[in-house]
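Asks: Here is the input, now give the coordinates:
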Amino acid sequence: MDFRQVACAWSLRNFGDLPSSALMAPALRKYWDILSQNAALSIAKPLAESGGLWYNALTKKTFREGFLMPIPTPHITAKAGDFAPTVLMPGDPLRSKLLADTFLTDAKLVNNVRGVQGYTGLYKGKRVSVMASGMGSPSIGIYSYELYNFYGVENIIRIGSAGALNQDLKLRDIVIGMSAYTNSTYGFHLGFRGQIAPCCSYRLLRAAMDKAEEMGMHAVPGALYSSDVFYDSSNTGEIMRKLGVLAIEMEASTLYLNAAQAGKNALCICTISDNPVTGEELDATERQQSFTHMMELALEIA
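Replies: Purely as a prediction, here's the structure:
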């Protein structure tokens, strides 16, 4: 049922031809129940570049395919349409601000709930957003889910730090996650109790590899390991290294699962910030400010 059919059902109900939802067919009743909460439908309008979302300025609600979207959410106060189709997602809110200040023109702060800064601006004339995810699976799970499902975002590119498992990698090398092993049970809510190593979007992966070559960057594609444990006393890292996993981080697996569930696209681009084997590491300031090559690569494919 498209928007015109929904509007027709609304008109019929208002004119009394469908006197109560109890008399409607089940499919039509679902739409009536939604529309009865979304009065003044006549001012609803489609949102540009927002994946088929419609917005009602009076009720300040959005809806798509018959489901109201709770915008704003407890975690994101942006309005419908504030985010571009592609969102770059660092973990650190200060890195989000750094990217916006350094690379975007006309950048506008669209979210700052709990200090999780989100901006939308222009990169070489193209509208792009950047918003922090915080650390770990639960945090990126919330933000990526809401961006994909409530704000109509199509692509999320995580840009963050990772620890080298492959000992050929050096500090500041760029790795791109084709897939992501994990010790998280985040995927259990999908109803599958087996082991999942979700994959990235091939389209974004191909674009990133092609653009890295064009820009003269050495980017290494391969598997990542998304761990729920930062201070890990087990030897899981060594096991992952023997399986050919490139690096360890904490968010890619959950991002890829949310993208798969929503039918959207995701990619994780990481800069090597430390080596758990040798003990080499960048300090906090270097992690925040020295990852510009990774940021530029992500922006170029946004």
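
Asks: Where does the prediction get shaky in the chain?
Replies: Within the chain, the ranges that satisfy pLDDT under 70 run 1-69, 288-290.

Asks: how does it divide into domains?
Replies: 3-69, 86-301 (automatic domain parsing).

Asks: Compile those domains into CSV and extend it with columns for mean neighbour count and distance to residue 78.
Replies: Glycine gets a C-beta too; all of them are placed from N, C-alpha and C. CSV is the format used below for these (neighbours: other CB atoms under 10 Å; distance: least, CB to CB, whole Å):
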stretch, mean neighbour count, distance to residue 78
domain 3-69, 14, 11
domain 86-301, 19, 4
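
Asks: Redo those domains as a markdown table? Include distance to residue 75.
Replies: Listed next are the domains of the chain as a markdown table, based on distance: least, CB to CB, whole Å:
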| stretch | distance to residue 75 |
| --- | --- |
| domain 3-69 | 14 |
| domain 86-301 | 6 |
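
Asks: Can you tell me which of those domains is nearest to residue 80?
Replies: Among the domains of the chain, domain 3-69 comes nearest to residue 80, with 4.5 Å by CB to CB.

Asks: Now do the helices in this structure.
Replies: Using DSSP state H, the helices of the chain run over 3-14, 26-37, 93-103, 137-150, 202-214, 236-242, 252-262, 284-289, 292-301.

Asks: looking just at contacts, which helices and strands does the third one meet?
Replies: Contact here means 3 or more CB pairs under 8 Å, 6 or more residues apart in numbering; DSSP states H and E; on that basis helix 93-103 packs against strand 118-123, strand 126-131, helix 284-289, helix 292-301.

Asks: Check which strands are paired with the first one and give the direction for each one.
Replies: Here the strand partners of strand 118-123, with direction, are listed using DSSP bridges: strand 105-111 (antiparallel), strand 126-131 (antiparallel).

Asks: mind listing what residue 198 touches?
Replies: With contacts defined as CB atoms under 8 Å, 6 or more residues apart in numbering, the neighbours of residue 198 are 179-180, 187, 253, 256-257, 260.

Asks: Compare the strands paired with strand 118-123 and give me the one nearest residue 266.
Replies: Nearest to residue 266, of all the strands paired with strand 118-123, is strand 126-131, at 14.1 Å by CB to CB.

Asks: so who does residue 232 touch?
Replies: Per CB under 8 Å, 6+ apart, neighbours of residue 232: none.

Asks: Could you check how far it is from residue 140?
Replies: As for residue 232, its distance to residue 140 is 19 Å (criterion: CB to CB, to the nearest Å).

Asks: And for residue 257?
Replies: Between residue 257 and residue 140 the computed distance is 10 Å (CB to CB).

Asks: Residue 125 now?
Replies: 29 Å.

Asks: With residue 300 instead?
Replies: Distance, residue 300 to residue 140, by CB to CB: 22 Å.

Asks: mind listing what the residue nearest to residue 161 when sequence neighbours are not counted touches?
Replies: In space, and not counting its chain neighbours, residue 161 is closest to residue 273: 3.7 Å by CB to CB, 6 or more residues apart in numbering. Residues in contact with residue 273 (CB under 8 Å, 6+ apart) are 161-163, 171, 281-282, 286-287.

Asks: and stretch 251-268, how far out from the chain's middle?
Replies: Offset of stretch 251-268 from its chain centre (CA atoms, centre = their mean, to the nearest Å): 7 Å.
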